[in-house]
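Give me coordinates for this.
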Amino acid sequence: IVKTLYRGTEILILDEPTAVLTPQETDKLFTILKNMREDGKAVVIITHKLNEVMEISDRVTVLRKGENAGTVLTSETNEQQLTEMMVGEKIVLDINRDFVENKALRLEVKHMTVLNPDKKKVVDDISFDLYSGEVLGIAGISGSGQKELLEGIMGLQHCEEGSSVIYYSTAHGTHELVGLDTKQIIGYGLHLAFVPEDRLGMGLVGNMGITDNVLLKRYRKGSGPFLHKQQPRQTAEKIREELEVVTPDLEYPVRRLSGGNVQKILVGREINNKPTVLMTAYAVRGLDINTSYTIYNILNEQKKKGVAVIYVGEDLDVLLALSDRIMVICEGRMTGMLDGRTATKEQLGYLMTKTGGAD
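Reported below is the predicted structural model:
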């Protein structure tokens, strides 16, 4: 952005420029863009954040399924109308945050440290507890260690000596997860579910349909050399019906589906296993607003069922509306833990750029 501004451009096109910015940095960027407008420059900003659209724009053009759904003056519209133009129907833009009593400890993470291939700490001495019946949001500038933290818990990343992840279950007792790989965690019958950032690279097999992707979670449970598809097919049909997945048939390759349908399949498969801990990394990235709210509602329903939910997200407004507590990470270190009901975007933005860890 700085390089483009330095060149003295007359027309500036920005595609999701605030995705990796804190609220304070976003305010500075918008001040620059408003000054450019006053200087007679033309600015096009592409964003899915409706509050930013209302703050910075003079006119809004809405795209739906690759077509122009209409252009309106910002001064004559509101977020609800823009949402209806984006989706094509009326939807409710409310995220429910129910309070669940009788919480139980599910995960106890102590001094987790993860190194990247260059031996640099991408997760640096992070400790926190996770309880049933809550959504723990994780905020941070993209690349601050959120992905590696979740993968470390799931046994997909090597944790350094001194790291500890203790899983508590009324049915299976207490287990130390550090040192176990994902196969061993599943083998112990521990009900952890993970919705990764990379949907078609780590989450699903793109050339397979819904049925075969469901089968991947249970093929080790079979007996004998042959696979039985009846149960996976029933589960796949249940996911398609309950989450309204649009697909020609259950064997249609998921890589040919829209991002929203792919994410519904991935989330549906994970919650079908009735997890006690559900971890999601950027669960709504790139999704339309209607599908995004479907995912939010699914996470809240899991919370009400007593599931401990971790939600890593980029949209601070959503984090504040969905989360019971919000942990903030900067450069791999935890810089704060806030109450989601009382925290502000300004507090989160400050902690997202605060180096040195929590006080």
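
Keeping just the C-alphas, turn the helix or strand bottoming out on mean pLDDT in the chain into PDB.
Lowest by mean pLDDT, DSSP states H and E among the helices and strands of the chain is helix 2-6, with a mean of 75. Only the C-alpha atoms of helix 2-6 are listed here, as PDB (Å, rounded to 0.1, in the frame of the first residue of the first chain):
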ATOM      1  CA  VAL A   2       2.800   2.400   0.900                       C
ATOM      2  CA  LYS A   3       4.600   1.700  -2.300                       C
ATOM      3  CA  THR A   4       1.500   2.400  -4.400                       C
ATOM      4  CA  LEU A   5       0.800   5.600  -2.600                       C
ATOM      5  CA  TYR A   6       4.500   6.700  -3.000                       C
END
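
How far does it sit from its chain's centre?
31 Å (Cα atoms, centre = their mean, to the nearest Å).

Which SSE is immediately downstream of that helix?
Sequence order places strand 11-15 as the next helix or strand after helix 2-6, per DSSP states H and E.

what's in contact with whatever helix or strand comes next after that next one?
Where DSSP H and E defines the elements, the next helix or strand beyond strand 11-15 is helix 23-38. Identification of contacts with helix 23-38 by Cβ atoms under 8 Å, 6 or more residues apart in numbering yields 1, 5, 12, 17-18, 21, 43, 45, 52, 55-56, 58, 316, 345-346, 348-350, 353. No exception for glycine: its C-beta is placed from N, CA and C like everyone else's.

next helix or strand past helix 23-38?
Downstream of helix 23-38, the next assigned helix or strand under DSSP H and E is strand 42-46.

Show me what that next one is packed up against.
For strand 42-46, the packing partners by 3 or more Cβ pairs under 8 Å, 6 or more residues apart in numbering; DSSP states H and E come out as strand 11-15, helix 23-38.

Next, the angle strand 11-15 makes with the last one.
Which is helix 23-38. Interaxial angle of helix 23-38 relative to strand 11-15 (axes from the mean of the first three to the mean of the last three Cα atoms, to 10 degrees): 150 degrees.

And helix 23-38, what's buried?
Neighbour counts over helix 23-38 (16 or more other Cβ atoms under 10 Å) mark Pro23, Glu25, Thr26, Leu29, Phe30, Leu33, Met36 as buried.

same deal with stretch 277-288?
Judged by neighbour count using 16+ other Cβ under 10 Å, the buried positions of stretch 277-288 are Val277, Leu278, Met279, Thr280, Ala281, Tyr282, Ala283, Val284, Arg285, Leu287, Asp288.

Closest one of those to Gln231?
Nearest to Gln231 out of these is Leu278 (Cβ to Cβ; 21.5 Å).

for the residue nearest in space to the middle of the chain, what are its contacts?
Residue closest to the average C-alpha location in the chain (Cα atoms, centre = their mean): Tyr282, at 2.3 Å. Contact analysis of Tyr282 by Cβ under 8 Å, 6+ apart lists Glu197, Val312, Gly313, Glu314.

circling back: and the contacts of the least confident helix or strand of the chain?
Residues contacting helix 2-6 (Cβ under 8 Å, 6+ apart): Leu12, Ile32, Met36.

Any chance of TSV for these, columns distance to Gly206 and pLDDT?
Listed next are these as TSV, based on distance: Cβ to Cβ, whole Å; pLDDT from 0 to 100:
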residue	distance to Gly206	pLDDT
Leu12	36	91
Ile32	40	90
Met36	41	89
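
for the protein, which spans come out with low pLDDT?
Scanning the chain for pLDDT under 70 picks out 93, 218-227, 355-359.

Give me the buried positions along stretch 2-22.
Those would be Leu12, Leu14, Pro17, Thr18, Leu21, Thr22, for stretch 2-22 by 16+ other Cβ under 10 Å.

Which of the buried residues of helix 23-38 sits closest to Gly187?
Proximity of the buried residues of helix 23-38 to Gly187 (Cβ to Cβ) peaks at Pro23, which lies at 43.9 Å.
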